[in-house]
Structure formats: C-alpha cells, structure tokens
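# sequence first, then the predicted structure:
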Amino acid sequence: MSLRLMLTTASALTLLATATLAATPPSSNITISAERISMDVKTLSSDAYEGRGINTRAEAKVIDYLSKSFAEAGFKPGGPNGQWTQEVKLRQFTVSDASLSVTVNGKSTPLVQGVDVVTSTRGALGNVSLKDTPLVFAGYGVTATERGWDDFKGVDVKGKIIVVLINDPDFYAPEAKTFGGKAMTYYGRWTYKYEEAARHGAAGVLIVHDDAAASYGWTTVKNSWSGPQFDIVRPDPAKQFTALEGWLSADAAKKLFAESGLDLDQLKVAARSKDFKPVPLTATLSGDYKVAASEVVTHNVIARLEGSKYPNETIVYGAHWDHLGIGAPDANGDKIFNGAVDNGTGTASLLELARAFGHRKAPERSIVMIAFTAEESGLLGSEYYASNPVYPLETTVAGINMDALDVYGASKNIVVVGNGQSSLEDDLAGFAKAQNRVLTPDEKAEAGYFFRSDHFPFVKRGVPMLYAKGGKDLVKGGHDAGVAAEAEYRTKRYHQADDEWSADWDLSGLVQDVTLYYQIGAKLANSRVWPQWRATSEFKGTRDTSNDKRK
Ligand SMILES: [Zn+2]
C-alpha cells in the first residue's frame, strides 16, 4: 500500500473514531520521563543483571525489580492466582545423529547434514524413524481461504513429507498482488509452513531454501536450526508440529527434483498460480535421528490496572525482558550480553507507561502490562501467554509491543512494521500528526519483521496489535544520520556484548514514541471502540469468529 493511500484512509477513519470518542474524558496530561526510563534501562542492563538470561539467577532479580516497580506505579499482580508472574514451561528439543537419505528407483543418496539438509523438530519426544516416506511438492504450502488459495487441492498428504517453497506466491510475481505483493504475508514465514504441514497430518516438511525469498543465506538457516529448538511445553507436541521440520539447500532440492524427473524451476513458476496442484516426487525419504527433550521453567511478569467500567475488556502493553545472558567473551573480554537497547528500552518503557496510567482515575477498560520471557528463544513467553491467556483474547481490545526502541533522538517519521494490517495505524497516524510526524510503511516488508516479535502470537489469534517505532529520518541530521546510527547498532551492538547503556543516548525520540503508545492505549481504554483488521488481512477471519463476544 502506498503511503498516500494509507494516510487518506487514516484521516477518514480518524474522523469516525473522533465522533465515537467525543463523549469520553480526554486523557489527562501525563509526563513520559526520559530520566526515569534511562535509570531503569541502566539498572536492568547493568552487569549485575548478567544479560537477563532465562532460567538463570538473574531472572529472579528481574522479576523482583519489575514487580516492585509495577506495584509502586499503582498496578496489581496480573498473573494467575494473584501472582506477579505466569510460569512458562519450555521444552528444549535437541536432534542428534541424524542420517537421512533419498531413494529414487532403488538408488539411495545420503543428504549431508548442514550441506544438503538441516533437520530439526518440535513435534517428537523420542527417536524418529522414517522409512520410504513419500515426498510431495506442495508449492508454497498455503491454504488462504480469504484469498481463495489452496495449494493442497484436497490431496491427502497424511504420513507424507511435503516439500514447499519459502515466502509466498507474490514474492517473485509481486505485480499479481494475489498476496501482499513484495510484502511478505504470514503465509510466507517458515513458522506458517511448519504449522500448516502439521494441520494436514504430514509426517514432515522440508522447505526449499532460497537466499532472496528467505531474506537470509544458507548459513543463517544452518546456524538457526542446527542447535536445540525451543517450544512451550504442550501436552502432545505431535499435534502441533511434525516429527521432521527441515530445510533443503537450493542445490540439494534441484538435484532431488531432477532425479525425480521434475524441473524445480518450472514448478516454482507453476506454484505462483492459483491452479497449482501438488506434485508427487518419485523419490522417497528414509532415515533416523535421536530427539532429546528437556524442560526449562521461566516466567512472564504481568501487572494489571483494573478498568472502572469494563474490567473484562483489556488493553495489553508488552515488551520482552529477556536477553541472551552470558556468552563467549568479545575482543575486550566482555561476556555479558547486557541487552540495553534490546530490550532494556522496551521493558523500561513498560514501567514508565504503568506510571502514566497508575495513581490516577482508572480508565474504563483494564490495562495489562506483560514483560515477556524467552522472546530471544522464539517468541515463547508471548506464545505461552497467547496459548494460556490470563485475560480472554476475544475481549482483549488491542495491544502494543515494544522491542528495541530508539536511542538516537527524535525522528520525523514513525515506521509501522506490518503496515496495512489494522485500524490501529489510523490511531497512530492521528496522534503522530500532532507531533508533526508522519507514518512510513515497513521498510523491509518482504523480510516479514511483523512476524518476528512478541505481538505476533496475539496477532495469529486475531488480536489487533501495533508494532511501530521511530524511523530513520532524524530531526538532527536527517535520514543519513538515522541510517548511520542504525548501521552502527546493527554491526557493533545488536546481539553483542556491547549493547550497553550510555549516558550519551538521546531519548527524545523514545519519549515521543512512548507518548504515542500511551495516547493510543488511553484512547482505547476510555472508549467502546474495537480496532478492526483490514479486509485484506490474513488475521481478520480469526477475529471474526469471536465477533459475538465483543458487543
Ligand atoms: Zn528484542
């Protein structure tokens, strides 16, 4: 969607929202303090907190600090049974001794781990053995009813391994606009492919790697899936995921298809059409691997301010408290990954928002603050909460997620990650305008960042969520200064020991952003408005199934 179109829609809807909100009290004057946020970041990212690793002694310190701060702000424990915390049980799956091979016409060829294939799973608790398992090419592996798209066409893939392409059918044909054009829809994410394979009862799924369509190289695939994989503890993981979740390298896939008498390049083009039908390979897959599963306990920290009139309707603010903990020492011998920006800034802002809402006339709807655990292990604290919501998701009005906020000064623009999804960006546009700022669309929408932080487990279940932050067009130094600051952070600090608090930070942009988050939440909390998904959103259908709960 173009920026102009987005803003035109925004102003139309802002009028509508203003009319609905006219009778409600205006949000009183609040102050978002850069000093308080800075002090909280400084504490939470100090060496004493040891990089906030999950299930370490630092976790208890974090819980203590956050719950005391929430209490001081006037919030009550918001977890189950009147606790500040929600226990999150994680399961760690480690695959070892994997040996897989493909057989065509009686001839067997091994698939070399890390070179041809990467094998992982979150769907098996013991050893896995596959024998002459049929392989079926299922295109992009997508079932999108709202777009009239079904790659399976009723073909039964139960007990078979589906081979699918990464991203969605529009990636190489954005002009078709059957999906989101160049912007990746959720159907393009590997997580979706894995989930959809399990929904079809497949024995496994192999994603064909492609540097461009994945937005990262084979090394990233190899590094990400060679080690242990985490999931929340589920009673029967095999219901949620398949026993084989893997990737095929581009070369291995090409060869495999050729041996089955198929042209992968041609099939890739065919898969961009609605008429595509699954194509069985003559090759089958056999092999064994061991899966060791162990459990880890960690915690979400939850605080709540009860609504005065509609306490069962909830506005959620979220930020992950965890970071990478202690790792290998860097060149300076520093091994504490402090995680000051990622995500000391978001966690400190959560506390500051609690102070803004607390100790004053309570809003009509409830405000729930969640400091999520295990974001760095795959959005698992938020996944756990969304699977086991303390407050019903049907009557969760909306949410705002904060992850790695801006420390480089005020910006003229605010970027909506995953723009075009819901009416929340209209609210944002209205308040941003008062700050003389404009919304700009997701800068790398084809990389699917909208699916990569803690708002997403809520989104997947239909809750409208906003993930937006200060853009690169800085008030001091313009776009070039913003690009340089971003690059400096990416290369020198992101997920490194040098992500540390600094007295030199300019938090004026962060304060502006947090003010916007407050204004949107306060407006919703004192209204009867239920934010809406856009008609083209892949999450609208899920929300619609519970419409009768929001009357
Ligand atoms: Zn983060």
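That came in fine, so what should we check first?
# please enumerate the strands of the stretch 1-150 of the chain.
For the stretch 1-150 of the chain, the strands defined by DSSP state E, counting those that start in this stretch occupy 76-77, 85-104, 107-111, 117-120, 128-137, 143-144, 149-150.
# check which helices and strands the longest one is in contact with.
Put plainly, it is strand 85-104. Other helices and strands packing on strand 85-104, by 3 or more C-beta pairs under 8 Å, 6 or more residues apart in numbering; DSSP states H and E, are strand 107-111, strand 117-120, strand 128-137, strand 229-232, helix 250-259, strand 279-305, helix 380-387. All C-beta atoms are positioned from the backbone trio N, CA, C, and that covers glycine.
# which one of the strands of the stretch 1-150 of the chain lies closest to the ion?
The ion lies closest to strand 85-104 among the strands of the stretch 1-150 of the chain, at 16.6 Å (C-beta to the ion).
# now that closest one: buried residues?
Neighbour counts over strand 85-104 (16 or more other C-beta atoms under 10 Å) mark 85-86, 88, 90-93, 95, 98, 100-102, 104 as buried.
# and the angle from it to strand 107-111?
Relative orientation of strand 85-104 with respect to strand 107-111: 150 degrees, computed using axes from the mean of the first three to the mean of the last three C-alpha atoms, to 10 degrees.
# who does strand 85-104 pair up with?
Paired neighbours of strand 85-104 in the sheet (DSSP bridges): strand 107-111 (antiparallel), strand 229-232 (antiparallel), strand 279-305 (antiparallel).
# going by mean pLDDT, which of those comes out lowest?
Of all these, the minimum mean pLDDT falls on strand 229-232 (a mean of 91).
# next SSE downstream of that strand?
Under the assignment DSSP states H and E, the closest C-terminal helix or strand after strand 229-232 is helix 237-240.
# following that next one, which helix or strand comes up?
Next helix or strand after helix 237-240 toward the C-terminus (DSSP H and E): strand 244-248.
# hmm, back to that, now distance to the ion and mean neighbour count too, for the helices and strands packed on strand 85-104, in TSV please.
Converted to TSV, the helices and strands packed on strand 85-104 look like this (distance: least, C-beta to the ion, whole Å; neighbours: other C-beta atoms under 10 Å):
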stretch	distance to the ion	mean neighbour count
strand 107-111	34	14
strand 117-120	22	24
strand 128-137	32	17
strand 229-232	16	20
helix 250-259	30	18
strand 279-305	15	19
helix 380-387	11	25
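# any chance of those in JSON lines, plus distance to residue 154?
Listed next are those as JSON lines, based on distance: least, C-beta to C-beta, whole Å:
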{"stretch": "strand 107-111", "distance to residue 154": "30"}
{"stretch": "strand 117-120", "distance to residue 154": "29"}
{"stretch": "strand 128-137", "distance to residue 154": "13"}
{"stretch": "strand 229-232", "distance to residue 154": "30"}
{"stretch": "helix 250-259", "distance to residue 154": "23"}
{"stretch": "strand 279-305", "distance to residue 154": "14"}
{"stretch": "helix 380-387", "distance to residue 154": "30"}
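# closest one to residue 326 among those?
Shortest distance between residue 326 and the helices and strands packed on strand 85-104, using C-beta to C-beta, is found for strand 279-305: 15.8 Å.
# which of the strands paired with strand 85-104 sits closest to residue 483?
Per C-beta to C-beta, nearest to residue 483 of the strands paired with strand 85-104: strand 229-232, 33.7 Å.
# leaving out chain neighbours, which residue sits closest to residue 50?
In space, and not counting its chain neighbours, residue 50 is closest to residue 58: 4.2 Å by C-beta to C-beta, 6 or more residues apart in numbering.
# cool, residue 69 as well?
Leaving out its chain neighbours, the residue that sits closest to residue 69 by C-beta to C-beta, 6+ apart is residue 351, at 4.7 Å.
# what's the neighbour count on that neighbour?
Residue 351 has 26 neighbours, counted by other C-beta atoms under 10 Å.
# give the full set of residues in contact with it.
For residue 351, the contact set (C-beta atoms under 8 Å, 6 or more residues apart in numbering) comprises 36, 37, 40, 66, 69, 70, 73.
# relative to the ion, how far out is it?
Separation of residue 351 from the ion (C-beta to the ion, to the nearest Å): 17 Å.
# all numbers from here: first residue = 40
Done: numbering now begins at 40, and the last item shifts to residue 390.
# which element is that residue on?
Here residue 390, judged by DSSP H and E, is contained in helix 385-396.
# alpha carbons of the helix or strand just after that helix, as PDB, please.
Per DSSP H and E, the first helix or strand lying C-terminal to helix 385-396 is strand 404-411. Only the C-alpha atoms of strand 404-411 are listed here, as PDB (Å, rounded to 0.1, in the frame of the first residue of the first chain):
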ATOM      1  CA  ARG A 404     -11.200  -0.700  30.400                       C
ATOM      2  CA  SER A 405      -8.300  -2.700  32.100                       C
ATOM      3  CA  ILE A 406      -4.700  -2.100  31.300                       C
ATOM      4  CA  VAL A 407      -2.400  -5.200  31.400                       C
ATOM      5  CA  MET A 408       1.400  -4.900  31.200                       C
ATOM      6  CA  ILE A 409       3.300  -8.000  30.200                       C
ATOM      7  CA  ALA A 410       7.000  -8.300  30.400                       C
ATOM      8  CA  PHE A 411       7.500 -11.400  28.300                       C
END
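# quick one: secondary structure of the closest residue to residue 381 other than its chain neighbours?
What sits nearest to residue 381 in space, not counting adjacent residues and going by C-beta to C-beta, 6+ apart, is residue 443, at 4.4 Å. Recorded secondary structure, residue 443: coil (DSSP: H, G, I helix; E, B strand; the rest coil).
# which ones are touching residue 443?
Contacts here follow C-beta under 8 Å, 6+ apart; on that basis residue 443 touches 380, 381, 382, 384, 385, 508.
# at 6 Å what do you get?
By C-beta atoms under 6 Å, 6 or more residues apart in numbering, the residues touching residue 443 are 380, 381, 382.
# same check, this time on residue 179
Counting by C-beta under 6 Å, 6+ apart, residue 179 touches 190, 204, 207, 208, 310.
# relative to residue 413, which of those is nearest.
residue 207 (27.4 Å).
# which residues does the closest one contact?
Neighbours of residue 207 in contact, by C-beta under 6 Å, 6+ apart: 179, 218, 224, 226, 227.
# most neighbours, which of those?
Within these, most neighbours by other C-beta under 10 Å means residue 224, with 29 neighbours.
# how close does the residue lying closest to it once chain neighbours are set aside get to residue 225?
The shortest distance from residue 224 to any non-neighbouring residue, by C-beta to C-beta, 6+ apart, is to residue 218 (4.8 Å). Here residue 218 is placed at a distance of 10 Å from residue 225 (C-beta to C-beta, to the nearest Å).
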